[in-house]
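Engineer: predicted model follows, preceded by the sequence.
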Amino acid sequence: MGKKSSTKLPQALFSGFAGSVVLTLLHENARRIAPEVAPRMDVLGMRALRKMLNTAEAPQPDHDTLFNVTMAGDILVNGLYYSFVGKGKKAWGRGALLGLAAGVGGVVLPGPLGLGKAPSNRTPQTKLMTVAWYLVGGLAAAGASRLWSKARK
């Protein structure tokens with residue numbers, strides 16, 4: 001395995017998790033500052049986890065455990081998702097597209113998935129913030145990827 005291919009996975013994971021952490025910080029700070037309009041992706045995540053546990057007939061955790069597991073899962077899943085940003089000059093475009101796709105999905109999919117619409121869809125501002133923050137996460141992943149590339153030169 002050459003040097004070029006051996007750095008792809010660490011760079012992808014670093015940039016993906018950087019985007020995920022930025023996204024999570026945005027969500028968590030906004031829900032504390034403006035709870036009436038901020039997207040509540042944590043609520044959607046907890047509902048999804050409860051639904052999966054119910055389907056598996058597994059015991060339900062208490063609220064604090066559920067929240068912590070959801071946050072860890074969000075960071076993991078979003079980090080892996082944003083790791084597809086990749087590297088190179090096209091990382092910015094991929095980051096923007098991945099972020100926009102995730103944001104639109106965050107607004108459109110919860111209702112059909114049976115998770116409720118209100119957490120990401122209750123006001124026009126909530127919808128806009130949902131899309132914008134996932135976009136910021138994608139761009140943060142692209143920026144982290146570019147920083148990695150520059151540091152490696």
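Structural biologist: Sure thing, it's come through. Residues are numbered from 1 along each chain as shown.

Engineer: could you list which residues are in contact with the residue nearest the centre of the chain?
Structural biologist: By CA atoms, centre = their mean, the chain has its centre lying nearest to N78, at 3.8 Å. Taking CB atoms under 8 Å, 6 or more residues apart in numbering, we find N78 in contact with G16, G19, S20, L23, T24, A102, G137. For the C-beta atoms, the positions are set from N, CA and C on the backbone; glycine is no exception.

Engineer: that one in helix, strand or coil?
Structural biologist: At N78 the chain is in helix, as set by DSSP: H, G, I helix; E, B strand; the rest coil.

Engineer: so where's this structure shaky on pLDDT?
Structural biologist: By pLDDT under 70, the low-scoring segments of the chain are 1-7.

Engineer: repeat that with 90
Structural biologist: Within the chain, the ranges that satisfy pLDDT under 90 run 1-9, 86-89, 149-153.

Engineer: show me where it has helices.
Structural biologist: For the chain, the helices defined by DSSP state H cover 3-6, 8-33, 41-55, 63-82, 91-108, 118-121, 124-152.

Engineer: tell me which residues in stretch 32-48 are buried?
Structural biologist: The neighbour-count check on stretch 32-48 (16 or more other CB atoms under 10 Å) flags V37, A38, P39, R40, M41, D42, V43, L44, G45, M46, R47, A48 as buried.

Engineer: swap in stretch 49-62?
Structural biologist: So, applying 16+ other CB under 10 Å, buried residues of stretch 49-62: L49, P61.

Engineer: how long is it end to end?
Structural biologist: 12 Å (CA to CA, to the nearest Å).

Engineer: what's it in contact with?
Structural biologist: L66, V69, T70, G73, G114, L115.

Engineer: at 10 Å what do you get?
Structural biologist: For stretch 49-62, the surrounding residues in contact (CB atoms under 10 Å, 6 or more residues apart in numbering) are M46, L66, F67, N68, V69, T70, G73, L113, G114, L115.

Engineer: got a PyMOL select line for the buried ones in those residues?
Structural biologist: Selection of buried members from the contacts of stretch 49-62 for PyMOL, criterion 16+ other CB under 10 Å:
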select buried, resi 46+66+67+70+115
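
Engineer: fine by me, we can end here.
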